[in-house]
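**Q** Predicted model follows, preceded by the sequence.
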Amino acid sequence: MRFRSTTAWLLATVFAVSSLTFLASARAGDVPPLEERARWFHHDRFGMFIHWGIYSQIGKGEWVQLRARIPKQEYIKLRPTFNPEGFDAAEWVALAKRAGQKYIVITTKHHDGFCMFDSKLTDYTIMNTPLSRDICKELAEECKKQDMKLGFYYSILDWHHPDYVPLPGWDRKDRSAKDAKFDRYVDYMKGQIRELMTNYGPIVTLWFDGNWHHKNPADKKAFKDIVDMARELQPNILVNDRAGIGGDYKTPEQQIPATGVLNDDGTLAMWEVCMTMTTGHGSFRPTAWWGYDKNETKFKPVEELLHKLVDVASKGGNFLLNVGPEPTGRIRPEETQRLEAVGRWMDQYSESIYGTTASPFRLLPFFGRATQKGNRLYIHVFDWPEDGKLVLPGLRNAPAKASILGHPNAKVETRHRVGSGDHDVLLTVPKQASDPTDSVIVLDFDEPPMVEPLVLKPRAGGKLELPASYVEIRARHGQAAKPMSEKGRTYVGNWSNPRDVPTWCFTMPKAGTYKVKLDARVASEAAVGQRVIVRVTPQKGNSQVIDAGVALDGSSKTPAGKTQPDQQKTPAGKKQLVGKITKNGVMMEGRLAVPAGKQELSVQLPDAKMTGPPIIDLFGVTLIPE
């Protein structure tokens with residue numbers, strides 16, 4: 001199919017002239033401050049991501065053109081066969097509402113360059129398919145009817161446009177970049193963003209992606225000009241961080257940062273984690289695809305999705321949960337059923353999510369999380385205690401009232417305890433949980449709750465116990481490991497990704513050497529014989545990703561001649577131990593050298609496979625002094 005690149009610039013110019021009235025009105029007032037524009041974002045917390053395009057006909061994810069190395073001239077044959085007659089914007093929006101989601105972000109153009117909206121700058125759009133309907137227009141109209149906010153995803157990367165460079169590697173023998181001019185592509189992109197910002201009513205967020213190839217100053221200036229134009233056309237819009245020029249909010253993908261997302265100064269940033277229900281047990285493993293994958297066999301369970309929603313909210317973030325509609329236009333049953341189940345929980349407990357702020361507790365000694373709304377704390381309990389006792393460590397002021405959300409007659413007793421300079425509140429709760437997945441206790445205070453930071457340190461005899469309830473799972477894209485619980489004991493389970501690193505932060509009063517004991521059990525036969533690496537490093541303050549100082553194979557990546565900061569004289573022993581998994585658990589040999597001061601202990605599984613079976617369930621680590 002011929003691409004109308006020769007007319008793109010002229011059409012963009014004509015379109016700009018037709019938009020002068022709208023543009024002038026937008027320029028009449030300045031863009032509102034971020035605090036005002038972000039009010040909805042901080043309140044809503046939960047949204048729906050939609051990845052849909054002609055790639056759904058192949059059914060192997062949105063990157064299938066690259067993964068299967070499909071030439072452009074073959075891939076464009078998907079356009080005339082795309083006829084999703086089952087698409088119903090009203091049902092999509094209604095499903096999001098039933099799930100408790102407050103906003104929708106849809107892919108208007110993904111990396112394959114196909115436009116799911118009526119663009120006048122190319123004929124490579126949904127208007128030139130048998131369906132011939134602007135699904136973005138229909139979705140925008142339905143969002144307005146059902147009081148749902150709408151955002152647009154737009155890919156900077158474009159495998160189809162003749163002026164986008166570099167060309168895809170698999171297509172270079174049949175295509176030439178000799179006459180390509182990226183400036184022309186920028187004009188095309190600017191024209192399309194203008195269309196999206198002008199023709200579809202209020203758009204709450206512009207969600208860029210795919211800027212990997214264009215990070216030089218000239219490209220950044222061009223992208224900034226486009227963002228500035230978008231803000232002029234939609235003054236209240238939020239723009240994410242993926243155009244390479246900063247943004248209003250950050251977007252971690254397929255993983256939940258252990259401590260939320262922080263700014264350089266340690267304050268909480270605006271952030272939104274996007275995540276699939278798929279797990280990478282389908283096409284082109286181990287990637288969990290966003291677009292429809294007919295071969296996916298494993299979806300995240302409802303319980304996990306709910307816990308992730310609460311976890312993200314407890315860290316001050318938003319949860320953008322993805323669906324990948326089928327080529328028919330229908331959202332697949334596995335995703336629909338999970339969203340409706342989440343919605344049933346939200347029907348009763350949504351006040352503990354909407355409009356809340358991050359938990360004042362960095363960590364809790366039980367399997368659960370906390371959210372806050374002014375003088376009210378919501379304590380989310382994922383595993384109800386058999387003994388009816390829950391402790392909130394470091395809580396300095398006693399609640400004036402305690403209840404269970406949705407069960408006003410249930411009795412919750414509170415006891416504020418003070419001893420040796422430490423504060424906590426003991427909760428005594430009913431025998432039965434109010435919800436099998438997440439029961440919510442409400443604590444009301446006369447003033448905002450005050451919480452002392454939790455400090456893990458050795459007991460009187462020098463032994464340091466690091467239970468899994470106090471672990472931070474530091475991960476990157478594709479996180480598998482997650483907190484789980486069994487009979488009141490939290491553990492790190494579903495641990496198959498070698499890039500997932502359980503980490504404890506603690507303070508050691510004095511340097512020493514320690515025997516290391518892992519409280520762990522084998523989770524699969526594949527685990528036997530695999531290595532476990534335990535290491536200690538100084539705390540690095542605002543740690544949000546895996547430290548790259550030591551490779552997963554245990555070798556040092558510290559450049560020659562460089563040394564780590566030395567807080568005190570390092571004791572005899574090693575800063576890293578390598579153990580082996582046996583049928584009975586983990587065997588660790590040697591002694592671990594632990595300097596004085598603020599330290600981190602991490603555990604890694606270098607031999608694990610991302611879509612392989614879980615390796616071990618880790619209940620905790622104990623350091624025993626020599």
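**A** Here it is on my side, so go on.
**Q** Hmm, Phe382 and His307 touching each other?
**A** Yes. At 5.9 Å, His307 counts as touching Phe382 under the criterion of CB atoms under 8 Å. All C-beta spots, glycine's among them, are computed from the backbone N, C-alpha and C.
**Q** intersection of neighbour lists for those two?
**A** 437-438 (CB atoms under 8 Å, 6 or more residues apart in numbering).
**Q** Quick check: closest non-adjacent residue to Leu78.
**A** Among residues not flanking Leu78 along the chain, Ile54 sits closest, at 4.1 Å (CB to CB, 6 or more residues apart in numbering).
**Q** Does His161 belong to a helix, a strand or coil?
**A** The three-state assignment at His161 reads coil, by DSSP: H, G, I helix; E, B strand; the rest coil.
**Q** next one: phi and psi at it?
**A** Phi and psi for His161, reported as degrees, to the nearest 10, are phi -70, psi 130.
**Q** and it, how far is that from Asp174?
**A** Distance of His161 to Asp174, computed by CB to CB, to the nearest Å: 15 Å.
**Q** swap in Gly317?
**A** Distance of Gly317 to Asp174, given as CB to CB: 43 Å.
**Q** cool, Val528 as well?
**A** 49 Å.
**Q** where along the stretch 351-500 of the chain do the strands fall?
**A** In the stretch 351-500 of the chain, the strands defined using DSSP state E, counting those that start in this stretch lie at 368-373, 376-381, 389-393, 401-404, 413-419, 422-428, 439-444, 464-467, 472-474, 482-486, 489-493.
**Q** is it possible to export these to JSON lines including mean neighbour count, distance to Glu74 and mean pLDDT?
**A** Shown next, in JSON lines, are the strands of the stretch 351-500 of the chain (neighbours: other CB atoms under 10 Å; distance: least, CB to CB, whole Å; pLDDT from 0 to 100):
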{"stretch": "strand 368-373", "mean neighbour count": "24", "distance to Glu74": "48", "mean pLDDT": "98"}
{"stretch": "strand 376-381", "mean neighbour count": "24", "distance to Glu74": "50", "mean pLDDT": "98"}
{"stretch": "strand 389-393", "mean neighbour count": "18", "distance to Glu74": "59", "mean pLDDT": "97"}
{"stretch": "strand 401-404", "mean neighbour count": "18", "distance to Glu74": "59", "mean pLDDT": "97"}
{"stretch": "strand 413-419", "mean neighbour count": "11", "distance to Glu74": "67", "mean pLDDT": "92"}
{"stretch": "strand 422-428", "mean neighbour count": "17", "distance to Glu74": "62", "mean pLDDT": "93"}
{"stretch": "strand 439-444", "mean neighbour count": "22", "distance to Glu74": "53", "mean pLDDT": "98"}
{"stretch": "strand 464-467", "mean neighbour count": "19", "distance to Glu74": "54", "mean pLDDT": "97"}
{"stretch": "strand 472-474", "mean neighbour count": "21", "distance to Glu74": "42", "mean pLDDT": "95"}
{"stretch": "strand 482-486", "mean neighbour count": "18", "distance to Glu74": "40", "mean pLDDT": "94"}
{"stretch": "strand 489-493", "mean neighbour count": "21", "distance to Glu74": "43", "mean pLDDT": "96"}
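**Q** Serialize the ones you listed to JSON lines and add fields for distance to Val534.
**A** Conversion of the strands of the stretch 351-500 of the chain to JSON lines gives the following (distance: least, CB to CB, whole Å):
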{"stretch": "strand 368-373", "distance to Val534": "27"}
{"stretch": "strand 376-381", "distance to Val534": "30"}
{"stretch": "strand 389-393", "distance to Val534": "25"}
{"stretch": "strand 401-404", "distance to Val534": "40"}
{"stretch": "strand 413-419", "distance to Val534": "32"}
{"stretch": "strand 422-428", "distance to Val534": "28"}
{"stretch": "strand 439-444", "distance to Val534": "35"}
{"stretch": "strand 464-467", "distance to Val534": "11"}
{"stretch": "strand 472-474", "distance to Val534": "15"}
{"stretch": "strand 482-486", "distance to Val534": "19"}
{"stretch": "strand 489-493", "distance to Val534": "14"}
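**Q** Can you tell me which of those strands is nearest to Gly266?
**A** Nearest to Gly266 among the strands of the stretch 351-500 of the chain is strand 472-474; the distance by CB to CB comes to 15.5 Å.
**Q** just how off-centre is the closest one within its chain?
**A** The chain centre lies 13 Å from the centre of strand 472-474; the measure is CA atoms, centre = their mean, to the nearest Å.
**Q** any idea how far Pro393 lies from Pro430?
**A** Counting by CB to CB - Pro393 and Pro430 are separated by 22 Å.
**Q** For the residue nearest to Leu78, which residues are in contact?
**A** Neighbours of Ile54 in contact, by CB under 8 Å, 6+ apart: 78-79, 82, 112, 114, 129.
**Q** For it, what are phi and psi?
**A** Per degrees, to the nearest 10, the backbone of Ile54 is at phi -70, psi -20.
**Q** where's it relative to Trp289, distance?
**A** In this view, Ile54 and Trp289 are 15 Å apart by CB to CB.
**Q** Got the domain ranges for this protein?
**A** Domain ranges of the chain: 5-350, 368-444, 464-625, per automatic domain parsing.
**Q** Take these and write them to a markdown table, including distance to Lys457.
**A** Formatted as a markdown table, the domains of the chain follow (distance: least, CB to CB, whole Å):
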| stretch | distance to Lys457 |
| --- | --- |
| domain 5-350 | 19 |
| domain 368-444 | 12 |
| domain 464-625 | 5 |
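**Q** I'd like to know which of those lies nearest to Pro458.
**A** Of all the domains of the chain, domain 464-625 sits nearest to Pro458, with 4.4 Å by CB to CB.
**Q** Please identify which of His161 and Asp174 sits among more neighbours.
**A** The neighbour count for His161 versus Asp174, taken as other CB atoms under 10 Å, is higher for His161 (21 against 11).
**Q** quick one, what contacts Gln348?
**A** 405-406, 435.
**Q** closest to Ser602 among those?
**A** Taking CB to CB as the measure, Ser602 lies nearest Asp435 of the contacts of Gln348, at 33.5 Å.
**Q** Next, the contact list for the closest one, please.
**A** Contacts for Asp435 (CB under 8 Å, 6+ apart) come out as 345, 348-349.
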